[in-house]
Structures are given as structure tokens and as C-alpha cells.
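Colleague: coords please:
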Amino acid sequence: MKLKVTGPGINQIVTLKQDATVSDLIEQTGLDVKTLRFGYPPQKIDLQQEGATLRQTQLDDLGINSGEKVILETCDNNENFRMSPPQPKPKRVLKNTEMSIGGNGKDVLSVHPVPDDNSCLFHAIAYGIFKQDNVRALREMVSKEILDNPVKFSDAILDKPNQEYARWILKMESWGGAIEIGIISDALAVAIYVVDIDAVKIEKFNEDKFDNYILILFNGIHYDSLAMNELKTVFDKKNQPESDDVLTAALQLASNLKQTGYSFNTHKAQIKCNTCQMAFVGEREVARHAESTGHVDFGQNK
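Modeller: So this is what the prediction gives:
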């Protein structure tokens, strides 16, 4: 595999065998490495904290594949070598963010935007359930559940070691997904319905367990909350016909948002960096650009 490696005194393409370990990479650079950073959102591995076992872990088991950029931080250069800071992000402007519910002219389902950062899933769920920004509490809930259930949340399920994942999800830069949605839904005894804009469908987490549910909107890279009349966010599937009308409105809203370009197929989408205007195809190219520049604001390239 070939990696683009940067750090104090190094900026080069490093060629390694396909099953190379972290130790192989470090030996190739000849540096006293403290941490590795890679991917987007950026993942940080502390070699001093993780111990010798991690050094024998294969790079591809960590998610480091050929073509990745890896940033090294050495033990004697902590303050001078850093990732570029995120650039200021313009406020997102959404169109067609409301949909009438049931055709009665008084009830409306609308998008409640949440911060456009790496914690958007947690922001969206927190607003839907608590009307408060309990991001840290939700991350801690997920981490504890994963640690307490190593069989259910095995290394194979998590795609990384159980304890490592539990530490990783506590970081504010770590994105959440289906695993986190399922855990939070179970812990708070509320179903979570994810309205997928690109697919124009609703994925229902724990609908068979709980009657109450919240709606969150997903455009392929970002989550927002959905609310009725800008206030009601928790719905009861037994409350008919309101529940069916709300779900119908949610799908209509997703369809409208897709037509305005507010959706991404993360593998095929034409994506533009709103900071420097460069264009990319798919999430891997976006990830590499974000890692190398610190840019975090992307949109669909029309």
C-alpha cells in the first residue's frame, strides 16, 4: 500500500506491504511518533496511551487504506505540528423546509436545523427527545453501553476493537450512525425514525418495541430534527390518523428536499468544498481533502 505521510520533517509517499502494521509505518519514517491522525472525520490514535499491542495492529484493520493521508505527531513537537483549524462555516440555507400535515391547513411538519458539525446526529436526537443539547450525555451513554456489552458490540460489529470504539465515540469529532441510533433508542425507550432524503424512505429503529417515536432527517452526510408546528417532536404511532399523516408529510418533505439538491449519495455524489470551491466525487475524495486542509463545509456540486 502507499500512504501520504506528513509530519515534522516528513512529507512523502511511503510504500508498505499490504499487511503492514502501525509499527512498520513508524519504522519507515524513523520518527518517535506520539499520535497518528487519519480519515474524515479525523481519527486520532495515541500510541503512548494505546500501548504496544496497537503497534502490531495492521493498518487496514484501523481503516487506513492505500491512498490515505496519515499525519504524524512526534513526542517532542506537540505544539508546533497541528491539523489546520476548521474554516468558518456559512449558515446553511434550506429551501422547502415545511410540509402541511393531513391537508388541514393548520398543522405543519418542518425542519429544525441543528449545528452542522460532527455531532449532528446527537444534536438532532437530543432536540427531538429533550429539547436540549445533551450531546455529551448521549455520547457517554453510547460508550458505556458498548463497554458493558462486548459480545453484542463485538470488534466485528464495530469494525474496530470494542474498547477503542468506546473511547472513540466520546470524541466530539466522531460521527454517529446506526449503532448509536439503536443504542440511544433502547436506552431512552423511544423509537427513532430516520427520514432518508436520497432514498425518500423512513428507516425505523425499534418501532416494534416502542409506540412513541421521534423523526430525524438525514441527507447522506448530515442529520436535522423534524418538528410539528415547530414544537411537537415526539409522536405516538397509536395516535391515528395523526401519526400516518405525519409520516406521509415527512416523505413528501424528503422528496421536495431531494429535488432542491439537499441530498447526497455519499459514494457517487458530486461534492464541492464550500471553502475553496474544489470539486470531488464520493466521500473518500472528500475525506482526503478535509484531512489535508481542515475544511469541513461541503455541499452538492450541481
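Colleague: average model confidence for the helix or strand harbouring I125?
Modeller: Element membership of I125 [criterion: DSSP states H and E] is helix 120-130. Helix 120-130 carries an average pLDDT of 94.
Colleague: of all the residues in it, which ones are buried?
Modeller: Under the neighbour-count criterion of 16 or more other C-beta atoms under 10 Å, helix 120-130 has 120-129 buried. In short, each C-beta sits where N, CA and C put it, glycine included.
Colleague: nearest to G102 among those?
Modeller: G128 (20.6 Å; C-beta to C-beta).
Colleague: how near is that closest one to T233?
Modeller: 5 Å (C-beta to C-beta, to the nearest Å).
Colleague: give the residues shared as contacts by those two.
Modeller: 214-215, 225-227 (C-beta atoms under 8 Å, 6 or more residues apart in numbering).
Colleague: among those residues, name the buried ones.
Modeller: Among those, those buried by neighbour count (16+ other C-beta under 10 Å) are 214-215, 225-227.
Colleague: which element is N256 on?
Modeller: Per DSSP H and E: helix 242-259 holds N256.
Colleague: partners of the next helix or strand after that helix, with directions?
Modeller: Remark: after helix 242-259, the chain's next helix or strand is strand 270-273, criterion DSSP H and E. According to DSSP bridges, strand 270-273 forms sheet pairs with strand 279-281 (antiparallel), strand 298-300 (antiparallel).
Colleague: ok, of the ones you listed, where does mean pLDDT dip lowest?
Modeller: In terms of mean pLDDT, the lowest-scoring of these is strand 298-300 (a mean of 60).
Colleague: quick check, V33 in contact with I26.
Modeller: Yes: using C-beta atoms under 8 Å, V33 is in contact with I26, at 5.0 Å.
Colleague: can you work out which residues contact both of these two?
Modeller: Shared contacts of V33 and I26, counting by C-beta under 8 Å, 6+ apart, come down to L47.
Colleague: so which of the two has more stuff around it?
Modeller: Ranked by neighbour count (other C-beta atoms under 10 Å), V33 and I26 place V33 first, with 22 against 16.
Colleague: quick one on the thing from earlier: please identify which of the buried ones among the shared contacts of G128 and T233 is nearest to E242.
Modeller: Among the buried ones among the shared contacts of G128 and T233, and counting by C-beta to C-beta, the member closest to E242 is L215, at 12.8 Å.
Colleague: what angle separates the helix or strand just after the helix holding I125 from helix 120-130?
Modeller: Downstream of helix 120-130, the first helix or strand assigned by DSSP H and E is helix 135-148. Angle of helix 135-148 versus helix 120-130, following axes from the mean of the first three to the mean of the last three C-alpha atoms, to 10 degrees, is 100 degrees.
Colleague: where does the closest residue to N65 other than its chain neighbours land on pLDDT?
Modeller: Take N65 and drop its neighbours on the chain: the residue closest to it by C-beta to C-beta, 6 or more residues apart in numbering is M1, 6.9 Å away. Listed pLDDT for M1 reads 74.
Colleague: ok, now D76?
Modeller: Each residue has a pLDDT score; the one for D76 is 47.
Colleague: same check, this time on T6
Modeller: On pLDDT, T6 comes in at 75.
Colleague: pretty sure it contacts T74?
Modeller: No: T6 lies out of contact with T74 (C-beta under 8 Å); the separation is 11.8 Å.
Colleague: any idea how far the closest residue to L253 other than its chain neighbours lies from L217?
Modeller: In space, and not counting its chain neighbours, L253 is closest to M99: 4.1 Å by C-beta to C-beta, 6+ apart. Using C-beta to C-beta, M99 is found at 11 Å from L217.
Colleague: cool, L138 as well?
Modeller: 18 Å.
Colleague: can you check L36 too?
Modeller: The value you get for L36 to L217, if C-beta to C-beta is used, is 34 Å.
Colleague: go on, T233?
Modeller: From T233 to L217 the distance is 12 Å (C-beta to C-beta).
Colleague: what residues are shared contacts of the two?
Modeller: 225-226.
Colleague: which one's more surrounded, these two?
Modeller: For T233 versus L217, neighbours defined as other C-beta under 10 Å are more numerous around L217 (26 against 20).
Colleague: any idea which helix or strand carries that one?
Modeller: Taking DSSP H and E as the criterion, L217 maps to strand 212-218.
Colleague: with I184 instead?
Modeller: Per DSSP H and E: helix 178-188 holds I184.
Colleague: mind listing what's buried along that helix?
Modeller: In helix 178-188, counting by 16+ other C-beta under 10 Å, buried: 179-181, 183-186, 188.
Colleague: for stretch 58-65, give the mean pLDDT please.
Modeller: Per-residue scores along stretch 58-65 average to 79.
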